[in-house]
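1. Build me a model from this:
(2 chains)
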Amino acid sequence: MQERYEFKEIEAKWQRIWAEQDSYTVPDFSDRPKYYCLEMFPYPSGKLHMGHVRNYSIGDVVARFKTMQGYNVLHPMGWDAFGLPAENAAIKHGAIHPAHWTVENIDTMRAQLKQLGLSYDWNREVATCHPGYYKWTQWLFLQLYQHGLAYKKKSAVNWCPSCATVLANEQVKEGSCERCDSVVEKRELEQWFLKITNYADRLLADLEKLSGWPDKVKIMQKNWIGRSEGAEVNFPIEGMDESVAIYTTRPDTIYGVTYMVLAPEHPLVEKLIEGKPQAGQIREFVKQVRNLSELARTSTEAEKIGLFTGAYCINPVNGDKVPIMVANYVLLEYGTGAVMAVPAHDQRDFEFARKYNLPIRVVIQPEGVTLDPGAMIEAFEDEGLMVNSGQFNGTPSRQGISAVIKYLQEQGLGEGRVNYRLRDWLISRQRYWGAPIPIIYCDQCGAVPVPDAELPVMLPMDVAFKPTGRSPLAEHEDFVHTTCPSCGGPACRETDTMDTFMCSSFYYYRYTSPRDETSAWDGDKVRQWLPVDQYIGGVEHAILHLLYSRFITKVLFDMQLVGNDEPFTNLLTQGMVLKDGAKMSKSKGNVVSPEDIVAKYGADTARLFILFASPPERDLEWSDQGVEGSYRFLNRVWRLVAPLGDLLAAGEYTGRTGSLVGINKDMRRITHLAIKKVTEDVGNRFNFNTAVSAIMELVNTIYQYREVPEFDRDAGVMREAVESLLLLLAPFAPHITEELWALTGHKGSIHAQPWPQYSPEALVEDEITIVVQLNGKVRDRILVPAGISADAMREMVLKQEKVQALIGDKKVVKVIPVPGKLVNIVVK
RNA sequence: GCGGGCGUGGCGGAACGGCAGACGCGCUGGACUUAGGAUCCAGUGGGGCAACUCGUGGAGGUUCAAAUCCUCUCGCCCGCACCA
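-> Sure thing, here's the model as predicted:
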C-alpha cells in the first residue's frame, strides 16, 4: 500500500480530512499575531486556468508558511461574480440565466480550488452577486453619496457599442474597450460618478508609504494620476465681457503666446462664433470632431486641424491681441479645455503654427545660441533665459515659472494651480448583471437615496437580456415603478447598475464579517485584520482595481469605518503563464488545462512545478517535461521517506553537533542549511524556485546519506533530516507531506507544526575550501580552518608551493584576503 | 515619443561586487533488467591531447576583483501616449 506514490488517493483523502476537521477555519481573535494573506478573487468565468493556479499556489505557500511560523493567518477566497460574460452568455444561449450560469461556474471552480488543496477558510467565502453581499455594495454607494462623493453628471463618456454600456476611463485601452477590444465611442450621457479626483493628491502622496509594492505599479499609478503644477490664467475676450481661462505648466512662456486654442466642445465656442461668417463652418467641424472615436481623437499621429473663430483675446501680461482658434488637439476634459499657444516652446503648438502660418515668437533663449523663429525646425522646450518678456527679461525660465505666477496673482490675472490627469470614476453601467444603484427619482423630491433599511435593492430575476443600450432593468415595470421614500409619491428607480470594480473595492473588508447582516463589517474585526499583509495577483489591475481599492479605503478611513488608510501593505504581482512563448489562449490553441494536469500528476506536482519553474514576478514558460520532473521529484521523496515508516521515530535527535563527525556532521549541516535557505527564500524574498531547489538538494543529500552503512549513520541525524525535509516541503506540496508525516508515526497535521529553526552552530564547518586567485583569476583551491583570520589566510596561501610556483619571479604587488572566500594575489 | 523591465549553456533558471551556470529539464555513457519511456550511478558552456584559454547581447569605464556598479549602444517585452 505504501509502495507507490498514489497521489489520487492521498490527495482525496487529506482534502476530505481537512474539510471534516475544519483544519483551515481561522478564529478572528487569537494570541498569535495576525497575518492577512489575500489573493485577488477570480471572476467565475467557467473553469480555472493556469494563471489562477499560479496565483493561488503562491498565496497558499505564503499562508501555510506563515501559519507554521506561528501567525493567525486569514486566507479567504470568494467570487467577483457580477459582470458581462454571464449576461452575454444569457443573450447568446437564451436559456440560461446569468445567476445560474454564475452559480454553476462558482461550483465548478470551487471544486477545482479544493482539488488544489488550498488552505482557504471557506466559511468566509463571499460572492459579490449574492444579495447578502451587494446589499453592502449599495450601502457603500450611499455612504459615498451622503458624503458628496457620488454625483450624477451629463458629459461625454466612453461608450462601448459591443458591450452596450459606458466605461470608466481606466477601462479604455488605446481607445478600445479593454474587455472586448471594440473601438470606444463618445456619447453625451447623464451618468453616476465617484469623486476619486478629490483624493488625487493623497492617492499620489501615499504611494510613498507603499514600500512593499513593486515600483512598476507605483509608477503606473503615479502616471495615471498625472499631477502637474502650473498656472491658470484669464485672457479677456476682445469686445465681450468674458474671459477665457487657460491652464499652462509653462507660465514663463506667456509672453510668447501668439494664439489661443479652445477644445471643440468648449462652452465658449458657440458664443464666440455667433453671428460670425465662419460660424457654420466651425459648427460642422465641432460636429465632426465629436463623432470621432476616442482613438482617432487622441492619437498622436492624427493631424492637427483647427479653425479661426473670428474672435480675439488679449494677453493680460503684454496687451497683445491674439486670435482664438478651435482645434482637435485640445481636450475639453483636461485643465480648462483651453490652452495658450506658444509655438516657439511647445512642439504641438509649433506644428500647428507652421501649418496655419501663425506667428512664432521666441521668449526663452538657450545659452550660447540665438533662436531664429524662421529657421526653427522644432519647438525649444528646454530651459533657458526669458527674453521678449518685459520685466522678466534675463530670468532663468525655471525661476520664471514661479515669478510669473506671483506676478499674475498680484495683478489678479491668474493663479498657481495643480492639475491632475485623473478624472472621476464613472460607475454607471447600462447592463443587468450588477448591483443596482440604490437611487429613486421622484418628480417632487428629485434623486432620493434608498433608505438603508430597504437595502438591498434586489435585482429581479425575470428580465429580458437584450442589449439595447438601456439597462434591461428599465424594461422591467415592477422594478422601475416604486414610491418615493421621502414623500411617498410615485417614483422611478435608477435602472443602471454599478461597475463591478465597485464590488471588488471592498471585498477584503467583507471577508472579516462575511455573514454580518447588520453591518458591512465589524469594526473590531476590521481593525484586527487589516491592512492586508500580502496581496497577490496579476499586474493587469495595476491601475484599475488597485487604484479604486486605495480610493475606497481612504474614503472609509475618513469616515472612520476602517482604521487603515491603505488597503494592501505588500503587493506581489505575478507574471503570466506562457506556452511556447505566448500567453495561453484558445485562439492560439496552446492552453494547458489545470484539470488535466491535476488528473495526470496530482495537485502537489502542479503546484510544485509552477513554483519551481520561475520566480513569481516573472513570466513562466509552461513545460510538460518540467512537470514530469516535479512529479519525479515527489516520487523520489516518496521512495525515500515512505519505507522509513515507524523506524524514523526510533531515531533520537542528538542535537549535539560537537559529538558528530564526518558524514553525520555533514548531513546535519546540509539539513540546517536547507532550513535557512528555504526560510529566507520563502519568508523574505518570495523566491519559491530557489527554495524548492534547496529542498531538492536536501533530498539528494539524504539519498547519499542513506547509502552510508547503518553502523556509521546517526539515527537522530537521519530523523532530523527527513522531518525537516517534510516540514520544508509542506507549504509547497501539502498532501504528500501530510501523508508521509502520518506514515512516519507523527500525530497531528504537519501543517499545524511549527516551522523548523536552523541552528547556526550546525552550519559551522571545520574546514573550508578557499580560492587562490592570481590577478583575479582562479589558480588554486586550498583547504583552511573555518575560522581563520585574514592575515593567517594570507600567510598560509603564500606558503603554498604551488602558489610560489605560480608567482615565479613576478613581483607581488598586493594580497587581498577575503575571509571565508578567497585570496587574490596581485602580481606584476 | 515618455516611463519601466529584461538580455546568462540546447531549454527553464541560479549566483550579499569575490569560484559564472546552483536546482531542474534535455542529452551522453554505464548499472539493474526479457524489456524500459521505471529506477540508480557518472558526465554534460565553447575551444584544446594537454597545460591552458574564451565565455553572462555589444563597446567603453570604475575596481585587486564586474553577470552584478557607471556611460554609451543594440535587441525584445510591458505600460502610457496631443494631458498644455
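
2. ok, now how distant is the closest residue to residue A:624 other than its chain neighbours from residue A:621?
-> Spatial nearest neighbour of residue A:624, excluding adjacent residues (CB to CB, 6 or more residues apart in numbering): residue A:592 at 7.8 Å. Backbone N, C-alpha and C define where each C-beta goes, glycine included. Residue A:592 is 11 Å from residue A:621, where distance means CB to CB, to the nearest Å.

3. Those two - which one has more neighbours?
-> Per other CB atoms under 10 Å, whichever of residue A:592 and residue A:621 has more neighbours is residue A:592, with 18 against 15.

4. Sketch out the low-pLDDT regions of chain A for me.
-> A:1-2, A:293-295, A:299-301, A:467, A:647-661 (pLDDT under 70).

5. quick revisit: shared neighbours of residue A:592 and residue A:621, anything?
-> residue A:579 (CB atoms under 8 Å, 6 or more residues apart in numbering).

6. Against residue A:663, how distant is residue A:761?
-> 18 Å.

7. the more surrounded of these two?
-> residue A:663 (17 against 11).

8. my read is that one is in a helix, agree?
-> Yes: checked against DSSP: H, G, I helix; E, B strand; the rest coil, residue A:663 lies within a helix.

9. Roughly how far does it sit from RNA strand B?
-> 14 Å (CB to the nearest atom of the strand, to the nearest Å).

10. residues touching residue A:825, list them.
-> Remark: with contacts taken as CB under 8 Å, 6+ apart, residue A:825 is in contact with A:772-775, A:797-798, A:803, A:807, A:812, A:814-815.

11. Tell me how many other residues crowd the closest residue to residue A:260 other than its chain neighbours.
-> Distances taken as CB to CB, 6+ apart place residue A:324 nearest to residue A:260, at 4.6 Å, with adjacent residues excluded. The local packing of residue A:324 (other CB under 10 Å) involves 24 other residues.

12. Likewise for residue A:540?
-> 13.

13. where does it fall, helix, sheet strand or coil?
-> Residue A:540 - assigned by three-state DSSP - is helix.

14. Residue A:779 now?
-> strand.

15. Touching, it and residue A:804? I think so.
-> No: using CB atoms under 8 Å, residue A:779 makes no contact with residue A:804, being 11.7 Å away.

16. Which one's more surrounded, those two?
-> Remark: of residue A:779 and residue A:804, residue A:779 carries more neighbours, 15 against 10, as counted by other CB under 10 Å.

17. Can you name the residue of the stretch 151-300 of chain A nearest to RNA strand B?
-> residue A:298 (2.8 Å; CB to the nearest atom of the strand).

18. how many neighbours does the residue nearest to that residue when sequence neighbours are not counted have?
-> What sits nearest to residue A:298 in space, not counting adjacent residues and going by CB to CB, 6+ apart, is residue A:175, at 6.7 Å. Residue A:175: 17 surrounding residues under other CB under 10 Å.

19. I'd like the distance between the residue lying closest to residue A:69 once chain neighbours are set aside and residue A:59.
-> The shortest distance from residue A:69 to any non-neighbouring residue, by CB to CB, 6+ apart, is to residue A:755 (4.8 Å). Applying CB to CB, one obtains 17 Å for the distance of residue A:755 from residue A:59.

20. Please name the residues that touch the residue nearest to the spatial centre of chain A.
-> By CA atoms, centre = their mean, chain A has its centre lying nearest to residue A:542, at 3.6 Å. Taking CB under 8 Å, 6+ apart, we find residue A:542 in contact with A:216-217, A:220-221, A:573.

21. Export only the CA atoms of stretch A:374-392, formatted as CSV.
-> Backbone C-alpha positions of stretch A:374-392 (Å, rounded to 0.1, in the frame of the first residue of the first chain) are rendered in CSV as follows:
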residue,chain,number,x,y,z
GLY,A,374,12.0,81.5,-39.1
ALA,A,375,14.8,78.9,-39.0
MET,A,376,13.5,76.7,-36.2
ILE,A,377,12.6,73.1,-37.2
GLU,A,378,11.1,72.2,-33.8
ALA,A,379,10.0,73.9,-30.6
PHE,A,380,12.6,74.7,-28.0
GLU,A,381,11.1,73.1,-24.9
ASP,A,382,14.1,73.1,-22.6
GLU,A,383,15.3,75.7,-20.1
GLY,A,384,16.9,79.0,-20.9
LEU,A,385,16.7,82.7,-20.2
MET,A,386,13.5,84.7,-20.6
VAL,A,387,13.6,87.2,-23.5
ASN,A,388,11.0,89.5,-25.1
SER,A,389,9.2,89.2,-21.7
GLY,A,390,9.1,92.7,-20.4
GLN,A,391,10.2,92.9,-16.8
PHE,A,392,11.2,89.2,-16.7
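
22. got a list of contacts for that stretch?
-> A:252, A:254-256, A:317-318, A:343-347, A:349-350, A:360-367, A:371, A:393-398, A:400, A:403-404, A:407.

23. now with 7 Å?
-> Stretch A:374-392 has contacts (CB atoms under 7 Å, 6 or more residues apart in numbering) with A:252, A:255, A:317-318, A:343-347, A:349-350, A:360-367, A:371, A:393-398, A:400, A:403-404.

24. Give me the three-state assignment for residue A:773.
-> strand.

25. If anything else comes up later, I'll come back, but that's it for now.
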